[in-house]
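Colleague: turn this into a model:
(chains A and B)
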There are 2 protein chains.
Amino acid sequence: MAWKLTEDHVRSIAIGAGVLGTGGGGDTYLGELQLIRLLRQGKTVEVVSVSELDDEAEGCAVGGMGAPTVSIEKLPAGDEMWRSVQALERHLNTRFSFLVVAEIGGGNALNPLIAAAYSGVPVVDADPMGRAFPELQMDTFMIGGVSPSPFALADGEGNSVIFNVNDALTGEKLGRALTVAMGGSAALAMPYVKGKDVRAHAIHGSITLCRQIGDAVRAALRDKTDISEAIASVVPARPLFTGKVTDVEVRTTGGFSRGFVALEGLDACAGRELRIDIQNEYLVAWEGDQPIATVPDLICVLDQESGMAVGTESLKYNMRMRVLGIPASEKLRTNRALTVVGPRQFGYDLDFVPLQRLR
Amino acid sequence: MAWKLTEDHVRSIAIGAGVLGTGGGGDTYLGELQLIRLLRQGKTVEVVSVSELDDEAEGCAVGGMGAPTVSIEKLPAGDEMWRSVQALERHLNTRFSFLVVAEIGGGNALNPLIAAAYSGVPVVDADPMGRAFPELQMDTFMIGGVSPSPFALADGEGNSVIFNVNDALTGEKLGRALTVAMGGSAALAMPYVKGKDVRAHAIHGSITLCRQIGDAVRAALRDKTDISEAIASVVPARPLFTGKVTDVEVRTTGGFSRGFVALEGLDACAGRELRIDIQNEYLVAWEGDQPIATVPDLICVLDQESGMAVGTESLKYNMRMRVLGIPASEKLRTNRALTVVGPRQFGYDLDFVPLQRLR
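Modeller: Residues are numbered from 1 along each chain as shown, chains lettered A, B, ... in the order given. Here you go, the predicted model:
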C-alpha cells in the first residue's frame, strides 16, 4: 500500500533513523528541516511497498557517503542526492521509476525522501542494511550478488562521477577517495537495481519500522514513560548499559569518523565501565576485554536527558547515556553476510555472537 | 599525409619525447618496449595529419595521469589507455575515429600510440602541450575553451570512472584524488574533441617533431657529434648550463613528483650553481635568485654520458648534465595561456619572461 509522506511522518522518521543509525548515517536535523520545507512548498513524497514493484522496473538506492562528523560541518546543497540519481540515469540512458533507501540509519533515512521530493519518483519502503554501515560493500544487495556497477557520486556543486568497478570493495576504495576530494561527503546513487532485486535482497518495511520507532519514542516523551521500553515495544531492543561519558575520541580520517567512547556506569551499572569502538557507526561494545555487542547487531546510544539517539559525531564528555542493543536483520546474520559485515571485516579477531547469546 | 609507424620511428619518438618531456610525462622505456612488441605482433599504428580530419569527426586525447616517479615503479597492464578511451566511448554512446596525443612529453608521447595499436584507431599528428605539464587543465584545448567533460580515467585492472565536472580545475582535483587511489597512475581519456577542435586549438605536427628530434639525436650519437647542436638543428634550443648533480630531492606526494635538483657548474660553467624546481616537470631554473628559464618554456636536462634526456624520476647524485632551454609553442605564450601555464600558476611570484629575453 502506497502512502504519502506528511510532516508528522518526517518527525518520527528522523527520530527512528537516529535509533537505527547505530551512531552513523549522519546527523538527521538538517535533513528533517529540508524535507519539511519541501513538503510545505507543496512537494510530495510517495512511499510504495516492495510488493507494488514490477519485476523489471528500474531504480537505484541513494544516500550520502562520508564521515558523520562532516555531516554537521558541511551543509548540503539540497539537490545533490537527486543529481547523483540523474547522473546514473543519464549514463544508463534510462529513467528510474523508484528509489530505494541506501541505509535506513541517521540522515541517510531522509536523503532518499529528499531526492523523491525533488523528482516526484516514489521511494520503496525497504533498505539493504536495516541500520547504517560505514562501507559501500556492506549491504544486502552486494551480499546477494547485485552488481555494484555502474554507480554515481555527486557533490553539491554540480560535479558528478560514474564508476564502473570490478567489485564493491574497489568501489568503496575509489568512491571513498573521491568523497574525500569532494570535501568529505558526497551523494551516492548505488546500486542500480530492478524491482525483483529489491524483492529478493532488500530488508522490507524499513521506512515504516523507522517511523514506528519514532512514533513510540515521541509517545513516550509526551507521556513521560520509559524511552527504552517504547523502542522495545517496536523492535527487540535490550538494555546494555547506563553511564556517563568519561572519554571520547572521534577523528575524521581517510573519509571516516574513527575513534571510541568510554562510559562509566551509573545506577544499576555503577562500578562498571563500557568502551564502544567507532568507525562512523558504533561497532563493538566492550566491557573489559569482553564484547557485549558487535556488528552487525545494532548498538544504540541514547541521551538520557532528551531521549534522542546520539550519533558518533555528537558525543560529548559527561553526557549521560543509555546503551541499547538491537539484533540485526537475519539477512545480515547469514554466514555469507558475516563475511562482509561481521566483526572480522572491521579488523577484530572475533566471531560474531548474536546479541541474544552474549551475557 | 598519413604514415604508418615503424620500429625505427618508435625508437626516435622515445628519444624525442624525453627531450620534449622537460623532465615529465613519465619514463619512455617501458612504452617503447611495449609498442615495439605490438608492432612485431603485426599491430599497426597510423598517424594522420590534422588537415585530414573531418570537422565533425569525433575523438579524444589520451595519456597517463600521475607522478613520473610512479611510472618506473608501477608497471602498466598495457591496455589501460585503450580502456579509458573505450569507457568514454561507451558513456557517449559513440565510436571515435581518431586519437590525439594528450601530451607529447615522456612516456605520454607513446601511450596514445599504444592505444592506437590496440584499437586500430589512427592517431593525429598533434598534441595540446608541445611538452609535458603536471596538471590536467594545462593544455591548449582547455585554454581554448573546449569542455573538460565528460572525461574518463581507467586503471590496469578493468576499473574505469567517468567525470562530469564544472571546470578543468575541478577535473584536476577530483581526477588526481582518483589517480592516487588507483595506485598513483591512471589512463586519462580527455578531452572529447571534434576534428575542428584539434584544428583550432592543438599544436600541429607534434609527433613528427618528436621523431625529428629523436632522429637528430640518434644521428649525433652514431656520428659522435654534439647532441645539443643536433637538437638545436630541429628546435631553437639554447644551452643554459653544464654541471653535475650535487643535491636532488624528489618526493611522490599528492599524486605528483615534487622537489628540486641542484647542479654545480663544470667546464665553462665552473664556479656557478643552478637549481631547478620540480613538479613532475622541470618548472623553473634558478641561478641564485635569478630565473634563467621558466614554465611554459621547456627546460631539458640531458645526461652528458648517454646524451639522453633525464626525467625527474631518474635524477641521481653526481650525474653530469647538460641543461637546454627550448621556447614553448606560441599557443602557450599568449596572455590567456599564461593565466593557466605561467609561473604564477605554479605558485611563483614571477611573470613569464620568454627564454630569448632572459640573460
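Colleague: what secondary structure does residue A:316 sit in?
Modeller: Of the three states, residue A:316 takes coil under DSSP: H, G, I helix; E, B strand; the rest coil.
Colleague: same check, this time on the one 5 residues further on
Modeller: Classification of residue A:321 into helix, strand or coil gives strand, according to three-state DSSP.
Colleague: grab the nearest non-local neighbour of it.
Modeller: The shortest distance from residue A:321 to any non-neighbouring residue, by Cβ to Cβ, 6 or more residues apart in numbering or on different chains, is to residue A:301 (5.3 Å). The way it works is simple: take the backbone N, C-alpha and C, and place the C-beta from them, glycine included.
Colleague: the one you found and residue A:323 touch, don't they?
Modeller: Yes: under the criterion of Cβ atoms under 8 Å, residue A:301 lies in contact with residue A:323, with a separation of 5.5 Å.
Colleague: who touches the stretch of helix or strand the residue nearest to residue A:321 belongs to?
Modeller: Here residue A:301 sits within strand A:298-303, counting by DSSP states H and E. Residues from elsewhere that reach strand A:298-303 (Cβ atoms under 8 Å, 6 or more residues apart in numbering or on different chains): A:19-20, A:22-23, A:131, A:227-228, A:231, A:237, A:240, A:261, A:276, A:281-285, A:293, A:308-310, A:315, A:319-328.
Colleague: and these, which are buried?
Modeller: Neighbour-count burial (16 or more other Cβ atoms under 10 Å in any protein chain shown) applied to the contacts of strand A:298-303 gives A:19-20, A:22-23, A:131, A:227-228, A:231, A:237, A:240, A:261, A:276, A:281-285, A:293, A:308-310, A:315, A:319, A:321-328.
Colleague: spit out the residues that contact residue A:301 and residue A:323 alike.
Modeller: Any residue near both residue A:301 and residue A:323 by Cβ under 8 Å, 6+ apart counts here, and that gives residue A:276.
Colleague: where does residue A:8 land on pLDDT?
Modeller: At residue A:8, the pLDDT value in this model is 98.
Colleague: for it, give its distance to residue A:211.
Modeller: 9 Å (Cβ to Cβ, to the nearest Å).
Colleague: those two - which one has more neighbours?
Modeller: The residue with more neighbours, out of residue A:8 and residue A:211, is residue A:211; 27 against 13, by other Cβ atoms under 10 Å in any protein chain shown.
Colleague: any part of stretch A:126-138 near chain B?
Modeller: No: interface with chain B: stretch A:126-138 contributes nothing (Cβ under 8 Å from any Cβ of the partner chain), its closest point being 13.3 Å away.
Colleague: for the stretch 201-350 of chain A, which segments count as helices?
Modeller: Here the stretch 201-350 of chain A has its helices, by DSSP state H, counting those that start in this stretch, at A:206-223, A:227-232, A:335-341.
Colleague: so the first one versus strand A:298-303, what angle?
Modeller: Helix A:206-223 and strand A:298-303 are oriented at 30 degrees to each other (axes from the mean of the first three to the mean of the last three Cα atoms, to 10 degrees).
Colleague: any chance you could read off phi and psi for the most centrally placed residue in chain A?
Modeller: With distances taken as Cα atoms, centre = their mean, chain A has residue A:105 as the residue nearest its mean C-alpha position (2.4 Å). As for residue A:105, its main-chain torsions (degrees, to the nearest 10) stand at phi -100, psi 140.
Colleague: about what we covered before: out of the buried ones among the contacts of strand A:298-303, which are inside strands?
Modeller: A:240, A:261, A:276, A:281-285, A:293, A:321-326 (DSSP state E).
Colleague: which of those sits closest to residue B:73?
Modeller: Taking Cβ to Cβ as the measure, residue A:283 is the one of those closest to residue B:73, at 35.1 Å.
Colleague: ok, and the closest non-adjacent residue to the closest one?
Modeller: That would be residue A:277: by Cβ to Cβ, 6+ apart, it lies 4.8 Å from residue A:283.
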